[in-house]
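Novice: Got a predicted model here, sequence first, then my questions.
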Amino acid sequence: MTTKHGVLILRPHDQAKALEQEFLQQTEQPIETHICSMVDVVAFDDPRVRTSDVLAKRYSGALMVSVNAARFLSEQMQRENLTAPVARWFAVGPTSARAIARVVARPVTCPQRVHNSEALLALPELNQIAGQRWLIVRGKGGRELLADTLTARGATVDYLEVYERKPHPISAAELTQWHQHVRGIVVSSAEQLGYFLAAIPREQLSWLADCYWVVASDRLAALLPGPLRQRAVVAQSAATFAMFEAWQQATQMYQGNTKL
């Protein structure tokens, strides 16, 4: 009997499904996928900010940092009967761009190949912005890179924080199952990675070192402890096709040292 190759996908379930389908459809070897989001995402209403006041302003450009930003802004807009500002809208990647376009009913621009904040900031439209007002829709306490860079380029930046993240607990049964079956771990955000590593008991750390890793950026790879980093392959972005290509590379590199 052929042993299935277990892969743990640390992503929100809706985003992980496309990658799971890619694994199941595009590989010849038997694959057993495990999906776990280490982050519970819930709505957040900032008591210091009125959403209606923010959306009523005139903006030269606006960013939503994720699918979650689009989802929870949409819920707030529907609840309060609001409309999105008429502006040039931008996203980090094509998946979030499609979600944002459905919410704002306008075209959304994103980087073509590399899908991260740095690539977004490299777009020509985000460079000549002195004197403009921009809106960033994000989660509570998100990265400051976008706002800091836009401000440094002379723009005035408003925030609208519409959701927050909380660690998702994992059970002893899940840990046991992963230890027995998982040989590769795929992760596309620092948040998921941080919560996952924090939740793993010390006695399970040797299992993590035996796994290969697929991460979405060099920044994520740098967050891995040394022994884990040595067995990591960095994808070009968090997009499904890029993560799958990196996974194929990882299985080829570590097949001899991994229990496939």
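Specialist: Received it, and whenever you're ready, just let me know what you need. Residues are numbered from 1 along each chain as shown.

Novice: pLDDT weak spots in the protein?
Specialist: 1-3, 255-260 (pLDDT under 70).

Novice: what lines up beside the biggest strand by length in it in the sheet?
Specialist: Taking DSSP state E as the criterion, the chain has its longest strand at strand 156-167. Strand 156-167 has the following strand partners under DSSP bridges: strand 39-43 (antiparallel), strand 133-139 (parallel).

Novice: what's downstream of it, the next helix or strand?
Specialist: Later in the chain than strand 156-167, the nearest helix or strand by DSSP states H and E is helix 172-181.

Novice: Convert that next one to CSV, retaining C-alpha atoms only.
Specialist: Taking C-alpha atoms only, helix 172-181 is exported to CSV below (Å, rounded to 0.1, in the frame of the first residue of the first chain):
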residue,chain,number,x,y,z
ALA,A,172,-3.8,17.6,20.8
ALA,A,173,-5.5,15.3,18.3
GLU,A,174,-4.6,17.6,15.5
LEU,A,175,-1.0,17.7,16.6
THR,A,176,-0.8,14.0,16.8
GLN,A,177,-2.3,13.6,13.3
TRP,A,178,0.1,16.1,11.8
HIS,A,179,3.1,14.5,13.4
GLN,A,180,2.1,11.1,12.0
HIS,A,181,1.2,12.2,8.5
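
Novice: which residues are in contact with that helix?
Specialist: Under the contact criterion Cβ atoms under 8 Å, 6 or more residues apart in numbering, helix 172-181 has outside partners Lys4, Gly6, Leu8, Glu32, His34, Cys36, Ile200, Pro201, Gln204, Trp207. C-beta: built from backbone N, CA, C; applies to glycine.

Novice: show me the contacts for the last one.
Specialist: So that's Trp207. Neighbours of Trp207 in contact, by Cβ under 8 Å, 6+ apart: Trp178, His179.

Novice: how about 10 Å then?
Specialist: By Cβ atoms under 10 Å, 6 or more residues apart in numbering, the contact set of Trp207 is Leu175, Trp178, His179, Gln180, Val182, Arg183, Ile185, Ile200.

Novice: Can you convert these into a markdown table and add a column each for distance to Thr156?
Specialist: Below are the contacts of Trp207 laid out as a markdown table (distance: Cβ to Cβ, whole Å):
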| residue | distance to Thr156 |
| --- | --- |
| Leu175 | 47 |
| Trp178 | 47 |
| His179 | 51 |
| Gln180 | 54 |
| Val182 | 47 |
| Arg183 | 49 |
| Ile185 | 41 |
| Ile200 | 43 |
